[in-house]
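Asks: requesting a structural model of the entry that follows:
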Amino acid sequence: MAAPERTTVTWSTPECPFSIECSIRVLDDIRLSVTDAFFSLPRGGAEIGGILLGDWQGDRLTISHYAALDCEHALGPSFTLSVSDENRLQDLIRAASSAGGLPVGWYHSHTRSGVLLSESDLTIHNRYFPEPWQVALVVRPHAFEPMRAGFFFRGPGGIIHSSASYHEFLIEPQPLQQVPRSVPVEAPPPPSYRPEAAGHIVDVRAEPPDRPVPAPPIVEVRAERPAHPAPAAPVASSEPVPSAPVAQTSPVVNRRAAEPAVPPPPAPKPAPRAAASEPAKQSESAPLPIPGTFETQPQRSWTWLKVLLVVAVGAAAGAALYAERDAWYPAIASWGPAVTSLWHRAPVEVKAASIGLNTLDQAGQLQIRWDANSALMRRASGGSLEIVDGDSPAAAIALDAPHLASGVFTYGRRSERVDVTLVLDQPGAAQVRQITSFLGQKPPVPAAPAPAAPPAAAPPKQDREEMRQLVAGLRAQLDAELEHSRKLEKLLAAARTQLREQQIRRLGNQARPPEQ
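Replies: Take a look at the predicted model:
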């Protein structure tokens, strides 16, 4: 008698205060589910998990069932639970407990790390499986190697060794169960032996038994060829050909057939020998024709003719239009001024993607910035800023070319949200428009200004010469500031030109093919 097959495996380690007995069927089902998820996505696949159900007996933990958690993977392919996933996990634990099952732990797969418990795994374990005897099973699939797995448990003091499992093991695929071989059913004897029917495949169905038993499968029995086979000849009679004799061979069981057996039809009478002899002679002299049921005649393609016809029609239409150009060209030429004036009158808005409009807040002062070196900005003859500060009405601020070249505009905001629209006037009455928004905290409330000091008493009477000297000094100071500003602008323009040349030179070096 063969030994009974093992249905459980036992996992134990000296560091664990109890042994874990797990069903082989549960491990194999988890292996199949993890493998399917692993190959569902490229570069690592998706991670899955669920709860483990079983029994706890003090020194032994038994895992007999499991329940998979339908993770929506809202945070990526890893097994990171969202709020909806945590609600489903709670419902799954409650449903298993109400059905009489005991949640003894949980399982999940790692496709991008080893057999360990991460920070998020420890959070799930401590929140939903807080009992000292509840465990976690981590499995690690591989494309060309067996699946590795390991259990994690709470040791003395509730400490979990999460960096690695104390004892990893392999989850091998279970061998396929062999279908039990059915007992061959003896076929009814044929009425007579016919050499010309030898070698045919005969389907023999079993007689229904006296007592109700499961329906046996259909048995296909192949007849052995005789020592000197005769050539097969067609039967001229309209009666069906009787079955060939059944040889004593091992039956071939068709496992796909599961329909109940029916008794075989009565054997027909054999055809006369004289009727079959004449067709047999004819078959020896000339082969039988094979009907061409699946033969198809190739159809001629007329695609080239259609293309040629379209080209000819197009050429004829073009020649006719060219011949009659004196009739239609003046009328179309007269439309030119009207179309041109309409084009210049209607402004066209062009979407821009290279202005680089953005905002930056500094103590309640909103700095509106854009790329002053962009091609659209250099072509702009002017523009405007449309600012919507909270619920206040929109304020339009005109910008000339120097303002656009500065690349920044400072605005004192009054609310948490400010919507900014930059409109650029392009040549040909076209407009470029780009929108950005700022969201932040309320701007700080400015301190109340100190009370103004009473105005000093006007001097009785100042000398005119002193006033003239003071004005001359202020003008000299203003001229110096203007000269300094011009120098700074020249330096800034030179720096921009040098930076642009360096960028062009760098791009040229990158595009240049390497020397052989």
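Asks: domain ranges for this protein?
Replies: Per automatic domain parsing, the domain ranges recorded for the chain read 8-171, 348-439.
Asks: in TSV, list those domains along with mean neighbour count.
Replies: The way it works is simple: take the backbone N, C-alpha and C, and place the C-beta from them, glycine included. Shown next, in TSV, are the domains of the chain (neighbours: other CB atoms under 10 Å):
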stretch	mean neighbour count
domain 8-171	16
domain 348-439	15
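Asks: ranking those domains by mean pLDDT, which is last?
Replies: Among the domains of the chain, domain 348-439 has the lowest mean pLDDT, at a mean of 81.
Asks: returning to that earlier point: dump the domains of the chain to CSV, plus distance to R496.
Replies: Output for those, formatted as CSV (distance: least, CB to CB, whole Å):
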stretch, distance to R496
domain 8-171, 43
domain 348-439, 7
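Asks: L491: which of those domains is closest?
Replies: When these are compared by CB to CB, domain 348-439 sits nearest L491, at 15.0 Å.
Asks: hey, where'd the strands end up in the stretch 1-150 of the chain?
Replies: With strands called from DSSP state E, counting those that start in this stretch, the stretch 1-150 of the chain shows them at 8-11, 19-23, 49-56, 60-69, 102-109, 135-140, 147-152.
Asks: between the fourth one and strand 135-140, how many degrees?
Replies: So that's strand 60-69. Taking axes from the mean of the first three to the mean of the last three CA atoms, to 10 degrees, one finds strand 60-69 and strand 135-140 inclined to each other by 60 degrees.
Asks: so what touches strand 60-69?
Replies: 18-23, 26, 29-30, 33, 48-56, 85, 88-89, 92, 96, 101, 104-105, 107, 133, 135 (CB atoms under 8 Å, 6 or more residues apart in numbering).
Asks: over to the third one?
Replies: Contacts made with strand 49-56 from outside it, assessed by CB under 8 Å, 6+ apart, are listed as 26, 30, 61-69, 71, 79, 89, 92-93, 96, 101-109, 133, 135, 137.
Asks: same thing but at 7 Å, please
Replies: With contact meaning CB atoms under 7 Å, 6 or more residues apart in numbering, strand 49-56 is reached by 61-69, 71, 79, 92-93, 96, 101-109, 133, 137.
Asks: repeat that for the second one.
Replies: With contacts defined as CB under 7 Å, 6+ apart, strand 19-23 is touched by 7-12, 59-64, 135, 151.
Asks: direction included, what does that strand pair against?
Replies: Sheet partners assigned to strand 19-23 using DSSP bridges are listed as strand 8-11 (antiparallel), strand 60-69 (parallel).
Asks: present these as TSV; the columns should include distance to G364.
Replies: Conversion of the strands paired with strand 19-23 to TSV gives the following (distance: least, CB to CB, whole Å):
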stretch	distance to G364
strand 8-11	64
strand 60-69	49
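Asks: can you redo the contacts of strand 19-23 as a markdown table with distance to A396?
Replies: Shown next, in a markdown table, are these (distance: CB to CB, whole Å):
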| residue | distance to A396 |
| --- | --- |
| T7 | 81 |
| T8 | 79 |
| V9 | 77 |
| T10 | 80 |
| W11 | 74 |
| S12 | 79 |
| D59 | 81 |
| R60 | 80 |
| L61 | 74 |
| T62 | 76 |
| I63 | 71 |
| S64 | 74 |
| V135 | 68 |
| F151 | 69 |
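Asks: and of those, the nearest to D389?
Replies: The shortest gap between D389 and any of these belongs to V135, at 58.8 Å (CB to CB).
Asks: any idea how far L41 is from the closest one?
Replies: Separation of V135 from L41 (CB to CB, to the nearest Å) stands at 28 Å.
Asks: got it, and E21?
Replies: Going from E21 to L41 by CB to CB gives 34 Å.
Asks: surely L439 is in contact with S415?
Replies: No. With contact defined as CB atoms under 7 Å, L439 does not count as touching S415 (10.2 Å).
Asks: what's the mean pLDDT across the helix or strand encompassing A319?
Replies: Per DSSP states H and E, A319 falls inside helix 303-323. For helix 303-323, mean pLDDT is 86.
Asks: from here on, count from 391
Replies: Fine by me, first position is 391 from now on; the one you just mentioned is helix 693-713.
Asks: list of residues touching it?
Replies: With CB under 7 Å, 6+ apart, helix 693-713 has no contacts at all.
Asks: buried stuff in it?
Replies: Within helix 693-713, no residue is scored as buried using 16 or more other CB atoms under 10 Å.
Asks: so for P737, what's the pLDDT?
Replies: In this model, P737 is scored at 46, pLDDT.
Asks: the nearest residue to S430 once chain neighbours are set aside: what's it in contact with?
Replies: Using CB to CB, 6 or more residues apart in numbering and skipping residues adjacent in sequence, the residue nearest S430 is A436, 5.4 Å away. A436 sits next to 427, 430, 463, 467 when contact means CB under 7 Å, 6+ apart.
Asks: the same query, at a cut-off of 8 Å, please.
Replies: 427-428, 430, 463, 467, 501.
Asks: tell me the spacing between it and L527.
Replies: Computed as CB to CB, the A436 to L527 distance reads 18 Å.
Asks: go on, G495?
Replies: According to CB to CB, G495 stands 7 Å off from L527.
Asks: cool, and H557?
Replies: Taking CB to CB, one finds H557 at 12 Å from L527.
Asks: identify the contacts common to these two.
Replies: Common contact partners of H557 and L527 (CB under 8 Å, 6+ apart): 540-541.
Asks: before we move on, back to that, keep only those of the contacts of A436 that are in helices.
Replies: Among the contacts of A436, the ones falling in helices (DSSP state H) are 427-428.
Asks: quick check, nearest of the contacts of A436 to A785?
Replies: Once CB to CB is applied, the member of the contacts of A436 that ends up nearest A785 is H463, at 46.3 Å.
Asks: grab the nearest non-local neighbour of that closest one.
Replies: Leaving aside its chain neighbours, H463 sits nearest to A436 (6.1 Å; criterion: CB to CB, 6+ apart).
Asks: isn't G548 right up against P522?
Replies: Yes. Contact criterion CB atoms under 8 Å: G548 and P522 qualify, at 6.5 Å.
Asks: anything in contact with each of the two?
Replies: Counting by CB under 8 Å, 6+ apart, G548 and P522 have no contacts in common.
Asks: just the terminal-to-terminal distance for stretch 810-827.
Replies: Chord length of stretch 810-827, first to last residue, is 6 Å (CA to CA, to the nearest Å).
Asks: hmm, F428 is touching S499, no?
Replies: Yes. Using CB under 8 Å as the test, F428 is close enough to S499 to be in contact (7.3 Å).
Asks: tell me, what's touching those two both at once?
Replies: P531.
Asks: residue boundaries of the strands in the stretch 691-840 of the chain?
Replies: Using DSSP E, counting those that start in this stretch, the strands of the stretch 691-840 of the chain run over 738-741, 748-752, 755-759, 772-779, 785-789, 798-802, 807-816, 820-829.
Asks: among these, which is nearest A885?
Replies: A885 lies closest to strand 798-802 among those, at 17.1 Å (CB to CB).
Asks: which secondary structure elements does that closest one sit against?
Replies: Using 3 or more CB pairs under 8 Å, 6 or more residues apart in numbering; DSSP states H and E as the contact test, the elements touching strand 798-802 are strand 755-759.
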